[in-house]
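[1] with the sequence up front, the predicted model follows.
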Amino acid sequence: MSVAIVGAAECDLGHTGLSTQHLLAQAVARALDDAGLRVCDVDGIATTGHGRFPATQLADQLGLCPSWTDSTAAGGAVFEMYVARAAQAIEAGQCSVAVIAFASNQRSARSRNIGGGYDAATPEAQFEQPYQPLWPLSYYAMTAQRYLHTYRLDRSDLARVAVAAREHALRNPTAFRHAAGPLTVDEVLAAPMISSPLGALDCCLVTDGGGAIVLTSLDRARHLAKAPVRVLGYGESVTHAAMATPDDLLSTGAAASGARAFARAAVRPEEIDVIQLYDSFTVSVPLGLEQLGFCPPGAGVHWAGVPVNTTGGGLSYCHPGQLGVLLLVEAVRQLRGECGARQVEGAATALVHGTGGIASSHATVVLGVR
Amino acid sequence: MAEIPEDEVTAPWWDATRSRQLMVQRCARCGLAQLPPRVLCTGCGSAAPRLEPVTGRGVVDSYTVIHRAPDPAVAVPYTVARVRLAEGPILLTALIDVTEPRCDLPVTLAWRPLPDGRALPVFTTEE
Ligand SMILES: [Zn+2]
């Protein structure tokens, strides 16, 4: 593939008091600055999560008339999908510089609802909402319950995922829990139960935040500010909308998504140096590692391989409702060696895996600097 | 809770709940049983699978005990589950009077009446 990521940035994170439009423009400006490009260089925009026509609105906000846009809505996995679509658009000549951006002020705006939003026109409003599941939490809780049952584990095995996330956050000054000190398994287990077996500290944060990445052709990338991070491969899989649809909670779309990305990149799991894997809930990490082929089923809770979620992840760094773009930002920074105390030494190949909805959508990107 | 919506595809299924009959769709071409009712069979794409009643026996695929309700008017805790019917389809439902829920627990159909005469299928342990 002949496309590279040339810019990456976070907007302000945490509790910002800023509007979503403000955070979005901030993310785009910082990512372009990182790339050594200007707003007027951009002719491709992909974004979602705000307004009815997100890419159109962002283009207007920036004063652009792009030749390529994408506002596919698929939850937090969509940013990895956008990488695939942007790479295809650049390779096809439809645009030359594409920006993928997301921002949310959900913490400042207090806009997060634990029940989620059911659209009355969907079957789920008839057949699932009446039972009052938490959306998406209860789906992941049932997945976790089945996971613990199948592999004869207990809540402390999942709690260790939250503990590990906190350890990363302590090395990341921008993490929401950076100054919170280390977390213990007992603290995770003692947190209020929300939807068993997941307690409050098994769940991702609710914060403001977002980010942006900039993509262009590898030829152009060689003349820009930073070393290009090549898009080596991508894959995706969309499996269900309803909680009752999947036959097996422990077989997720990550398996097909990951396999497609590895095949396209001609890279094997053991060649990956650092993993950014959407940790919406603790169970997402071990199950994701297993489904992506990094370890056998049930072994994810004992993972001792390459570092995962070096920012502290959704659990301890930032979770603005959709984490996918920030997974990409961190992967780029790791591959450039910009991560200071949390840098994975010599990282040359990264895997980014996004998940959206109730494990509904999966998308994987393999990036590299070799 | 607001009245549960239905539409022309699902109305016959909801009507059956008035006589406490749990139905699944069965495809005449490929034989697949499915829930919820859809316009097309998810196995082969055939139109209009017919409804047929089920035994009401199933097993808990998984469950979760919810301690913080999306609607503050709902009493907590309550148990939501995925139940796999003997006929194959899985439905999202509630477990009622199950003191120790667990995965793979055999359960049987019960009903929670709705104010409009329809009823929600829920499940309980076999006695
Ligand atoms: Zn059929």
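    Done, it's in.
[2] does the residue of chain B found nearest chain A sit in a helix or strand, and which one?
    Of all residues in chain B, residue B:70 sits closest to chain A, at 2.3 Å by C-beta to the nearest C-beta. In short, each C-beta sits where N, CA and C put it, glycine included. Counting by DSSP states H and E, there is no helix or strand that carries residue B:70.
[3] what backbone torsions are found at the nearest residue to it once chain neighbours are set aside?
    Once flanking residues are discounted, residue B:70 sits nearest to residue A:115: 2.3 Å by C-beta to C-beta, 6 or more residues apart in numbering or on different chains. With angles defined as degrees, to the nearest 10, residue A:115 sits at phi -80, psi -10.
[4] tell me the secondary structure at residue B:63.
    Classification of residue B:63 using DSSP: H, G, I helix; E, B strand; the rest coil returns strand.
[5] beta partners for it?
    On the basis of DSSP bridges, residue B:63 is bridged to residue B:81.
[6] wait, it sits on residue B:78?
    No - Residue B:63 is not in contact with residue B:78 according to C-beta atoms under 8 Å; the separation is 10.7 Å.
[7] report pLDDT for residue A:114.
    According to the prediction, residue A:114 has pLDDT 82.
[8] residue B:126 now?
    69.
[9] which residues of chain B lie near the ion?
    B:27, B:29-30, B:32, B:41, B:43-44, B:46 (C-beta under 5 Å from the ion).
[10] residues contacting the residue nearest the centre of chain A?
    When C-alpha atoms, centre = their mean is applied to chain A, the residue found nearest the centroid is residue A:324 (2.4 Å). By C-beta atoms under 8 Å, 6 or more residues apart in numbering or on different chains, the contact set of residue A:324 is A:76-80, A:102, A:278, A:354, A:356, A:363.
[11] give me the buried subset of the residues you listed.
    When those are checked for burial by 16 or more other C-beta atoms under 10 Å in any protein chain shown, the buried set is A:76-80, A:102, A:278, A:354, A:356, A:363.
[12] lowest-confidence entry in the residues you listed?
    Among these, residue A:76 carries the weakest pLDDT, at 91.
[13] list the residues that contact the closest residue in space to that residue that isn't next to it in sequence.
    Of all residues not flanking residue A:76 in the chain, residue A:322 sits nearest, at 4.0 Å (C-beta to C-beta, 6+ apart). Residue A:322 makes contact with A:48-49, A:75-76, A:78-79, A:102, A:104, A:356 under the criterion C-beta under 8 Å, 6+ apart.
[14] which residues of chain A fall in strands?
    Remark: strands assigned in chain A by DSSP state E are A:3-10, A:44-47, A:68-70, A:97-104, A:193-195, A:198-199, A:209-217, A:229-238, A:274-277, A:349-356, A:361-368.
[15] now these as JSON lines including distance to the ion?
    Shown next, in JSON lines, are the strands of chain A (distance: least, C-beta to the ion, whole Å):
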{"stretch": "strand A:3-10", "distance to the ion": "41"}
{"stretch": "strand A:44-47", "distance to the ion": "37"}
{"stretch": "strand A:68-70", "distance to the ion": "34"}
{"stretch": "strand A:97-104", "distance to the ion": "39"}
{"stretch": "strand A:193-195", "distance to the ion": "34"}
{"stretch": "strand A:198-199", "distance to the ion": "36"}
{"stretch": "strand A:209-217", "distance to the ion": "42"}
{"stretch": "strand A:229-238", "distance to the ion": "21"}
{"stretch": "strand A:274-277", "distance to the ion": "36"}
{"stretch": "strand A:349-356", "distance to the ion": "29"}
{"stretch": "strand A:361-368", "distance to the ion": "25"}
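[16] let me have those in CSV, extended by distance to residue A:144.
    CSV is the format used below for these (distance: least, C-beta to C-beta, whole Å):
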stretch, distance to residue A:144
strand A:3-10, 29
strand A:44-47, 31
strand A:68-70, 33
strand A:97-104, 25
strand A:193-195, 9
strand A:198-199, 6
strand A:209-217, 25
strand A:229-238, 21
strand A:274-277, 16
strand A:349-356, 14
strand A:361-368, 18
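[17] chain B is nearest to which of those?
    The nearest among the strands of chain A, by C-beta to the nearest C-beta, is strand A:193-195 at 4.7 Å.
[18] quick one: the helices in the chain, in order.
    By default, I'm working from chain A. Along chain A, the segments classed as helices by DSSP state H run A:20-35, A:54-62, A:78-91, A:106-109, A:123-127, A:137-150, A:155-169, A:185-190, A:218-221, A:254-265, A:284-291, A:313-316, A:324-336.
[19] hmm, no, I was thinking of chain B.
    Applying DSSP H to chain B gives helices spanning B:11-18.
[20] helices and strands of chain A: which one has the lowest mean pLDDT?
    The helix or strand of chain A with the poorest confidence is helix A:106-109; it has a mean of 93 (mean pLDDT, DSSP states H and E).
[21] now do the same contact list for the residue in the stretch 1-150 of chain A that chain B sits nearest to.
    With C-beta to the nearest C-beta, the shortest gap between the stretch 1-150 of chain A and chain B falls at residue A:115, namely 2.3 Å. Residue A:115 sits next to A:132, A:134-135, B:69-71 when contact means C-beta under 8 Å, 6+ apart.
[22] please apply the same query to residue A:29.
    By C-beta under 8 Å, 6+ apart, the neighbours of residue A:29 are residue A:39.
[23] and if we set it to 7 Å?
    Contact analysis of residue A:29 by C-beta atoms under 7 Å, 6 or more residues apart in numbering or on different chains lists nothing.
[24] residue A:119 too?
    By C-beta under 7 Å, 6+ apart, the neighbours of residue A:119 are residue A:125.
[25] returning to that earlier point: residue B:84 is nearest to which of the strands of chain A?
    Nearest to residue B:84, of all the strands of chain A, is strand A:193-195, at 20.1 Å by C-beta to C-beta.
[26] now check the closest one, is it near chain B?
    Yes - using C-beta under 7 Å from any C-beta of the partner chain, strand A:193-195 reaches chain B at A:193-195.
[27] please tabulate those in CSV, including the columns pLDDT.
    CSV is the format used below for these (pLDDT from 0 to 100):
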residue, pLDDT
A:193, 98
A:194, 98
A:195, 98
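[28] what's the burial count for the residue nearest to residue A:41 when sequence neighbours are not counted?
    Nearest non-adjacent residue to residue A:41, counting by C-beta to C-beta, 6+ apart: residue A:97, 4.9 Å away. Close neighbours of residue A:97, defined as other C-beta atoms under 10 Å in any protein chain shown, add up to 25.
[29] didn't residue A:97 look like it was pressed against residue A:216?
    Yes - with contacts counted by C-beta atoms under 7 Å, residue A:97 reaches residue A:216, the gap being 4.9 Å.
[30] up against chain A, what does chain B have?
    So far as C-beta under 7 Å from any C-beta goes, chain B lies against chain A at B:4-6, B:10, B:35-36, B:61-71, B:74, B:80, B:82, B:90-94, B:103, B:120.
[31] give the contact list for residue 12.
    All of this is about chain A. Going by C-beta under 7 Å, 6+ apart, residue A:12 touches A:18, A:23, A:26.
[32] chain B is the one I meant
    By C-beta under 7 Å, 6+ apart, residue B:12 lies in contact with residue B:51.
[33] then residue A:75?
    Contact analysis of residue A:75 by C-beta under 7 Å, 6+ apart lists A:322, A:356-357, A:360-361.
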